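here's a sequence, model it:
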Amino acid sequence: MMAAIAAARAGAAVTIYEHRSEAGRKLLMTGNGKCNLTNTRMGMTYYYCGSEDGKQIVRTVLTEFDEACTLSFFHEIGLLTYDRDGYVYPQSEQAVIVRDVLVRECLFCGVNFQYDTDVYPLLCHEEATGQFVIGKERYDRLILACGGKSERQTGSDGSGYELAKRFGHRIITPLPALVPLYTNEPDWQSMAGVRAKARVCLLVESRAAGEAAGELQMTAQGISGIPVLELSRIAVHAIHEGKRVEAEICFLNGRDRVQIEAMLRRMLARGHAEDGKSLPDRLQERLTGTVNAKILSFILRRVCSEMERLHSGRPDEDRLAAAVAQQLFSCRIPINGHGKLDHAQVTSGGVLFDEVTEKLESRLCEGLFFAGEMLDVDGICGGYNLQWAWSSGYAAGTFAAGKCRFKGERSA
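Numbers count the residues shown, from 1 in each chain. A predicted model of the protein is given here:
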């Protein structure tokens, strides 16, 4: 829709072909239904891209239509917004409103919608004329803004990649990004439902590959929450390549480890007779107050099991305190799986930037442009993927219309 509006404003007659019965269904799911439009903290550090040339193109596109341009555009078409610590939302906190104002602006600009239309069997390219033919209609320029392969129920079914292949483009294998990570760590399911402030360091073949902090969500299968989602792309690609992946979790992020270990020794030394109770249960009573009870229970079972394996008899307080502190600050678990594409928030992979110009035009087929998740770029949580949608849509629409031979010539 952004590409259509940009092209129409530049003078082109535009038709949107939508294979669902309504436009912008995926937009309705963004920001938990509130639609995090963009972020006032913008930069390439928030984006992943497969090549250096691609990063330069992404940087240029984001600069030409940045977050300030995005806010100006939406205010112009009647959408009020507010800023919450850099995260920008519609005042209504309704993603459906964002979709509706975009549709309204499309119609105002004269954009024609063709719903319930599968373009794949209808589309062909006439090399002699350079035109794109869809059924009986002929177009001067074509923009593929079909989304990725995540959230198939919204229409992002990967069909855009098949269309790109028809024009000779290579596709970086689409993989899920912004997904939970799974573990086969014994007893992990005991922590299901716990939320905790934590720092997560992702290790690939025992080497740090990324780090993020925030609210961690423990599930029966593994870990989720914004810090995990932001690191998931790295983990997914590593798993896909057959590499060993682990997550090292610090449950006391920002705390002084030496002081915590001293406190643990002090509390362990204050024990009293606890006949009939197992060592983990006795330790649980003495150390309650440090972290969530489920986290502490999991860590103590892990520590006691390791102590029994390595030492005979009851370990002393110093050794126990050091072992518990170790787990609280760097609890390492294997990562052996991840959420699938059908439930990913965004797709990693897509059309190679090596085959696209800075104007997002195909180097293989003149007049063919790309926008959004079609391309091999994805961002972290926080409005970054939508900003790429606005920026790339604006670029593709503007440049496509600019290449039309005369005003009013039709673009698809």
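
quick check on residue 349: phi, psi?
phi 110, psi -180 (degrees, to the nearest 10).

wait, isn't it in contact with residue 176?
No - under the criterion of Cβ atoms under 8 Å, residue 349 makes no contact with residue 176, lying 9.6 Å away. All C-beta spots, glycine's among them, are computed from the backbone N, C-alpha and C.

quick one, which of those two is more surrounded?
A count of neighbours by other Cβ atoms under 10 Å puts residue 176 above the other of residue 349 and residue 176, at 26 against 23.

now do the closest residue to that one other than its chain neighbours, the pLDDT please.
Nearest non-adjacent residue to residue 176, counting by Cβ to Cβ, 6 or more residues apart in numbering: residue 344, 3.4 Å away. Residue 344 is assigned 91 on the pLDDT scale.

change the start of the numbering to 623 and stick with it
With the count now opening at 623, the last piece we talked about shows up as residue 966.

quick one: the helices in the protein?
In the chain, the helices defined using DSSP state H lie at 624-631, 674-686, 689-698, 717-730, 781-788, 848-862, 879-891, 901-909, 915-932, 939-951, 1006-1024.

which of the ones you listed has the lowest average pLDDT?
helix 901-909 (a mean of 83).

which elements pack onto that helix?
In this structure, helix 901-909 packs against helix 879-891, helix 915-932, helix 939-951, with contacts taken as 3 or more Cβ pairs under 8 Å, 6 or more residues apart in numbering; DSSP states H and E.

list the contacts for residue 793?
Taking Cβ atoms under 8 Å, 6 or more residues apart in numbering, we find residue 793 in contact with 783, 786-787, 971-974.

out of those residues, who's nearest residue 1011?
Closest approach between those and residue 1011, by Cβ to Cβ: residue 972, at 13.1 Å.

surely that closest one touches residue 994?
No - applying Cβ under 8 Å, one finds residue 972 not in contact with residue 994, separated by 9.1 Å.

where do the contact lists of the two overlap?
What both residue 972 and residue 994 touch, as defined by Cβ under 8 Å, 6+ apart, is the set residue 770.

mind checking which of the contacts of residue 793 are buried?
Buried residues within the contacts of residue 793, defined by neighbour count using 16 or more other Cβ atoms under 10 Å: 783, 786, 971-974.

can you list those residues in TSV and add distance to residue 952?
Compiled in TSV, the buried ones among the contacts of residue 793 are given as follows (distance: Cβ to Cβ, whole Å):
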residue	distance to residue 952
783	40
786	44
971	32
972	36
973	40
974	38
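
now the residue nearest to residue 953 when sequence neighbours are not counted: how far from residue 854?
Nearest residue to residue 953, sequence neighbours excluded (Cβ to Cβ, 6+ apart): residue 871, at 4.6 Å. Distance of residue 871 to residue 854, given as Cβ to Cβ, to the nearest Å: 15 Å.

neighbour count: those two, which is higher?
With neighbours defined as other Cβ under 10 Å, residue 871 and residue 854 compare such that residue 854 has more, 29 against 23.

OK, contacts around residue 979?
Residues near residue 979 by Cβ under 8 Å, 6+ apart: 679, 985.

can you list phi and psi of it for me?
Residue torsions, per degrees, to the nearest 10, at residue 979 are phi -80, psi 170.

quick check: closest non-adjacent residue to residue 875.
Per Cβ to Cβ, 6+ apart, closest to residue 875 is residue 821, 4.1 Å.

the one you found - how many residues pack around it?
19.

correct me if wrong: it contacts residue 874.
No - applying Cβ under 8 Å, one finds residue 821 not in contact with residue 874, separated by 9.1 Å.
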